[in-house]
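starting from these lines, generate the structure:
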Amino acid sequence: MHKFAFLVHLRDYRADLGVMAKPLGWLPETFYRFILNRRPLPPIIWSAVTLTPGATEPEGFIIMLPYSGRQVIEQPKQMNVMIKKAAKLAADKGARIMGLGALTSTITLGGKLVSGNPHIAITNGNAYTAVILHAKIVQLIQRFPSCRPVIAVVGATGSVGSLVCKMLAKYNPTAQYLLIARNDRRMNKLADDMALESKNVVVVVSTDLEDVAQADIVVLVTSSPDSVIQACHLKPNAIILDATQPRNTGAALREERPDVTIIDGGLTAITHLKTNTIGRFGLPEGISFACLAETLLLALDDYPTDFSIGNPSMRQAEEICKLAHKYAHLGFGLAPDHSFGKPLLRSTDSKHHTSDTFL
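Numbering: from 1, shown residues only. As a prediction, the model looks like this:
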């Protein structure tokens, strides 16, 4: 195993910094923006990480861009400079691969703008995120044994969404799929690709978020830093699988629509994973994001080059799934259901391994 790094950013200044010290959570976002615009901060080591049982020294590091998701999206040129600095910091700490977390993948075009670095390999984490999401969607489909559920994928044409859609078409063609994104041309191309995977798959495309009201299961894979789904968008008793960071579902939605189940998407169980408290981002110990898990799997296998760059392929999904099976003794399967970082009373957790669902 070689050392790894995983790059993240603050989801929200007040929420994430308030975990470090409560008074930091009292200051408004405008204050942080003003300070950071006047005096930009470089990437920092946020947490050491260990993965294997009995590890006595860091096997990897979480590196933080100390900026909110909104600021990352709004200032991509400045943030891409910071991401290159993070790659150098990671290499200086001995890491040989760096994963791109949350919106750092989006603003680097899925890693394209930082790939080919002679000192460190890059992966965007999206292949394993898609695998984990597909496995969870398969479980959710099983809640509808007497009908063909409608599954809406919001942000379908993105790096994660497009691979999830292709896997669903190939392995689960009996459901009905609603693709929602902004670009008609890319959506129609994706629908054609899904039809190539299965002649029987039913696919509808839309650019109107209001059409989510038709869906039994709503999968959120957008790159928006804001809450996207509102109470008015959802049919009664809908299930939301929110795989976004910052998340696209707000806490107010739970209060307005108690009939709706909101599940945190893209979570995997990693048995011996240890970080400091702030490095867990509100998740319980032993539970983490699949994008981080992809980085860990590649580090465990001493993967020598860039892996998932841009839109990951079905071949890469199969490859990372095989690695998850190889290192299953360390976890790397579906996590029990969580909502806003807290365990759900009703869990669709499965005892089989992720790769058994996918392959």
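
just the helices in the stretch 251-359 of the chain please.
For the stretch 251-359 of the chain, the helices defined by DSSP state H, counting those that start in this stretch occupy 251-256, 290-300, 314-326, 354-358.

which of the residues in the first one are buried?
Across helix 251-256, burial judged by 16 or more other C-beta atoms under 10 Å covers residue 253. Where you see a C-beta, it was placed from the backbone N, CA and C, and this is true even at glycine.

for that helix, what is the distance to the chain centroid?
22 Å (C-alpha atoms, centre = their mean, to the nearest Å).

could you list every helix and strand that it packs against?
The helices and strands touching helix 251-256, judged by 3 or more C-beta pairs under 8 Å, 6 or more residues apart in numbering; DSSP states H and E, number zero.

so for that helix, mean pLDDT?
Mean pLDDT, helix 251-256: 92.

next up, the contacts around residue 88.
Shown in contact with residue 88 (C-beta atoms under 8 Å, 6 or more residues apart in numbering): residue 119.

please apply the same query to residue 206.
178, 179, 180.

picking up where we left off before, could I get the helices of the stretch 251-359 of the chain as CSV with distance to residue 195?
Shown next, in CSV, are the helices of the stretch 251-359 of the chain (distance: least, C-beta to C-beta, whole Å):
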stretch, distance to residue 195
helix 251-256, 33
helix 290-300, 27
helix 314-326, 15
helix 354-358, 20
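
return the most buried member of these.
Of those, the one with the most neighbours on average (mean count of other C-beta atoms under 10 Å) is helix 290-300, at a mean of 29.

rewinding a little: residue 52: which of the helices of the stretch 251-359 of the chain is closest?
helix 290-300 (8.3 Å; C-beta to C-beta).

tell me the average confidence for the closest one?
On average, helix 290-300 scores 97.

ok, which of the helices of the stretch 251-359 of the chain comes nearest residue 168?
helix 354-358 (10.9 Å).

in a helix, residue 173, correct?
No - counting by DSSP: H, G, I helix; E, B strand; the rest coil, residue 173 is not part of a helix but coil.

so how many other residues sit close to the nearest residue to it once chain neighbours are set aside?
Once flanking residues are discounted, residue 173 sits nearest to residue 198: 3.8 Å by C-beta to C-beta, 6 or more residues apart in numbering. Neighbour count of residue 198, defined by other C-beta atoms under 10 Å: 17.
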